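[1] Structure, please.
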Amino acid sequence: MLTPETIETLFTRDDGSFQFARWGRPVVPIVFGVEDETLSVVKGAFEAVMALAGHKMAETDPELGANCMVFFFRDWEELLAVPDLDRLIPDLAALVARLVGAGANQYRAFRFDEAGAIRAAFVFVRMDAQMAAQPAETLALAQVVQVMLLWSEAAFRAQSPLALAGDATILRPEIAGLIRAAYDPILPGAARDASHALRLYARMERPQ
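    Coordinates of the predicted model:
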C-alpha cells in the first residue's frame, strides 16, 4: 500500500519541486509507426486506463485535433524527418542529440493549460532490444500509464508500474488506485504543493 510519503515522491521532480497534473480534457490519442494489429492493442490500453480513471476519450480535440501523439521508431534521428514535429517539440535537434547520447529508449513531453492540467502529450518510444522483447500489451499499457499523470522522472526507475498476475501483465493495484484517486472530480487538475499527496492518499481505497 502506498503511503503519503511514497505518493509525494512519485510527483517530486529531480529538482525537488512537487508537480502534480492530470488531463484536463478528453484524450484523443494517435499512434505512429506500428502495424494495425499493434495499433488496436495501444488503443485498447488507452481505453482500459481511461475507464479505470473515469476519464473520457474523444474522436477529436477542437484545438489540436489529436492531443496525445505516440511515436514508435528504431532510431532517434528518425524524428528529425517527421514533418512539423520541430514546431511541436522546441529544440528538437538538441533533444534528439541528448537522447542519443543518453542511450534513451523513451521520452515524454507534456503541454499544460492555463490551470496547469495536461492539455497535450507526446510519447516517443525507441524500439531497442529491451523494448522489442516486451509483449505489445505490456509495452502499450506501460506507456499509457506513464502519460495519464505527470509522474516524476524517477517514479518508475526502480519499479515498473506493472506486475505479473499469472500469465497476464496488469497494472500494480496501488498504482491503479492512485490513478483512480487522482481523477476524483473533487480534486484540482494540477497542484504544486506537496500536501496534495495527502489528498490523493485520502481518496485511495484501502484493502479490506
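[2] This structure: strands as residue ranges?
    Remark: strands assigned in the chain by DSSP state E are 20-21, 29-32, 68-73, 106-112, 118-126, 162-165, 168-171, 190-191.
[3] Geometric centre of the protein: which residue is closest?
    Here the mean C-alpha position of the chain is nearest to the C-alpha of Val147 (C-alpha atoms, centre = their mean), at a distance of 1.3 Å.
[4] Let me know the pLDDT of that one.
    Note on Val147: pLDDT of 97.
[5] what about this protein, any weak spots by pLDDT?
    For the chain, the stretches flagged by pLDDT under 70 are 206-208.
[6] Now the longest helix seen in it: buried residues?
    Longest helix of the chain, by residue count under DSSP state H: helix 36-53. By 16 or more other C-beta atoms under 10 Å, the buried positions in helix 36-53 come out as Thr38, Leu39, Val41, Val42, Lys43, Ala45, Phe46, Val49, Met50, Leu52, Ala53. Just so you know, the C-beta spots here come from the backbone N, C-alpha and C atoms, and that holds for glycine as well.
[7] Figure out which of the strands of the chain is closest to Ala197.
    Distance to Ala197, taken as C-beta to C-beta, is lowest for strand 20-21 among these, at 8.0 Å.
[8] Can you give me the domain boundaries for the chain?
    Residue ranges for the domains of the chain, per automatic domain parsing: 1-22+149-208, 25-143.
[9] quick one: the helices in the protein?
    Under DSSP H, the chain gives helices at 4-10, 36-53, 85-88, 92-102, 129-132, 136-148, 173-182, 196-202.
[10] rewinding a little: find the one among the strands of the chain with the highest mean neighbour count.
    The highest mean neighbour count among the strands of the chain, using mean count of other C-beta atoms under 10 Å, belongs to strand 20-21: a mean of 26.
[11] Alright, that wraps it up for me.
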